[in-house]
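Novice: Based on what follows, work out the 3D shape:
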Amino acid sequence: MPRPPDPPAAPVLEGVRALVTGGTSGLGFAMSQALAEARARVVLTGRTEQRVQDAATKITRATGLVMDVRDERSVSAGVDRALAVLGGVDVLVNNAGLGMRTVNPDFMTEPAGFWHVSPDGFRDLFATNVLGYFLVARAIVPYMLEAGRGKIVNIAVSETTMRRRGFTPYGPSRAATDALSHIMAADLVGTGIDVNLLLPGGATRTGMTPDSVPNDLRATWLDPAIMGPPICWLASHASDGLTDQRIVATDFAEHPLP
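Specialist: Residues are numbered from 1 along each chain as shown. Next up, the predicted model:
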């Protein structure tokens, strides 16, 4: 019986410089760790100095940087510092975001109608999840255009989550960032800059989930580490020219791309 083919070797990202927003925990930390383990140099960001430094000290080849993606001046200063640290940015991972628990801590067990969401809660979540993706990409892209290459990976969720009962404003915010990502890709066609969406493919054990979820249910959810292989592949030369795609981490785990 013939031996099945070996899975593709993990890419080596020597020389790759990556900026990961929201890299202090959850998916962002897992992706930062995977990129660094593949030998990329990583700058990870977060809103508070202590969390940023705590995360960065756990990852070799990573530097922590305080940046509030909601604030244009903070983003501009943060991108300037990242460029100074890395000497350029080849890969932007737009990951920083807020989840439903910021407007309804019990959203999994007691979903609330959209009319119960405060306008301030709606604005703050959209400012982080949508405006944040725009501001950071807007600040990075001119440098990528000058270099003639680059990769932007926008972290996404399943389309069912975008329409789920009780998921205002999180669901609409992720629908907006999906649309934004497609437009980014279209605007950057022919520039050497690829733009893709990456999502886990299921509920994931992160700080965005409510504390009230039973442990037996939480145990069935995905480990954030599932994002490691696809983010490393998207950061590598193997994905050059692939743009405007939705990559699902669970599908990638079953059928890795060459």
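
Novice: residue boundaries of the strands in the protein?
Specialist: Taking DSSP state E as the criterion, the chain carries its strands at 17-20, 41-46, 62-66, 91-94, 150-155, 193-199, 246-248.

Novice: Could you dump those strands into TSV with distance to residue 105 and mean neighbour count added?
Specialist: In this view, the C-beta of every residue, glycine as well, is placed from N, C-alpha and C. Formatted as TSV, those follow (distance: least, Cβ to Cβ, whole Å; neighbours: other Cβ atoms under 10 Å):
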stretch	distance to residue 105	mean neighbour count
strand 17-20	27	28
strand 41-46	21	28
strand 62-66	26	21
strand 91-94	25	28
strand 150-155	22	25
strand 193-199	24	24
strand 246-248	28	18
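
Novice: so what's the most centrally placed residue in the chain up against?
Specialist: With distances taken as Cα atoms, centre = their mean, residue 95 lies nearest the centre of the chain, 2.7 Å away. Contacts for residue 95 (Cβ atoms under 8 Å, 6 or more residues apart in numbering) come out as 20-23, 27-28, 31, 155.

Novice: and it, what are its phi and psi?
Specialist: The phi and psi values for residue 95, taken as degrees, to the nearest 10, are phi -130, psi -30.

Novice: Tell me which residues of the longest helix seen in the chain come out buried.
Specialist: For the chain, the helix that runs over the most residues, judged by DSSP state H, is helix 170-187. Of the residues in helix 170-187, 170-178, 180-181, 184-185 count as buried by neighbour count, 16 or more other Cβ atoms under 10 Å.

Novice: For residue 80, state which of these is nearest.
Specialist: residue 184 (21.3 Å; Cβ to Cβ).

Novice: Skipping adjacent residues, who's closest to the closest one in space?
Specialist: Computed as Cβ to Cβ, 6 or more residues apart in numbering, the closest residue to residue 184 that is not its neighbour in sequence is residue 195, at 4.5 Å.

Novice: how close does the one you found sit to residue 253?
Specialist: 22 Å (Cβ to Cβ, to the nearest Å).

Novice: State the mean pLDDT of stretch 10-20.
Specialist: Averaged across stretch 10-20, pLDDT comes to 93.

Novice: now that stretch, how far from the centre of its chain.
Specialist: Chain-centre distance of stretch 10-20: 15 Å, with Cα atoms, centre = their mean, to the nearest Å.

Novice: ends of that stretch, how far apart?
Specialist: Length of stretch 10-20, first residue to last, Cα to Cα, to the nearest Å: 20 Å.

Novice: ok, residues contacting it?
Specialist: 28, 31-32, 35, 38-45, 79, 82, 86-93, 95, 136, 140, 229, 232-233, 235-238.

Novice: Would you agree the residue nearest to residue 184 is in contact with residue 181?
Specialist: Yes: look at residue 195 against residue 181 with Cβ atoms under 8 Å: they come within range, at 5.9 Å.

Novice: residues bridging contact with those two, i.e. touching both?
Specialist: Both residue 195 and residue 181 are in contact with 152, 154, 244, where contact means Cβ under 8 Å, 6+ apart.

Novice: Tell me the one among these nearest to residue 132.
Specialist: Of the shared contacts of residue 195 and residue 181, the one sitting nearest to residue 132 (Cβ to Cβ) turns out to be residue 154, at 10.6 Å.

Novice: ok so, going back, output the shared contacts of residue 195 and residue 181 in a markdown table, with pLDDT appended to each entry.
Specialist: Shown next, in a markdown table, are the shared contacts of residue 195 and residue 181 (pLDDT from 0 to 100):
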| residue | pLDDT |
| --- | --- |
| 152 | 98 |
| 154 | 98 |
| 244 | 98 |
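
Novice: contacting residues around the longest helix of the chain?
Specialist: 94, 97-100, 103, 125-126, 129-130, 133-134, 137, 152, 154, 156-157, 161-164, 194-197, 243-244, 246.
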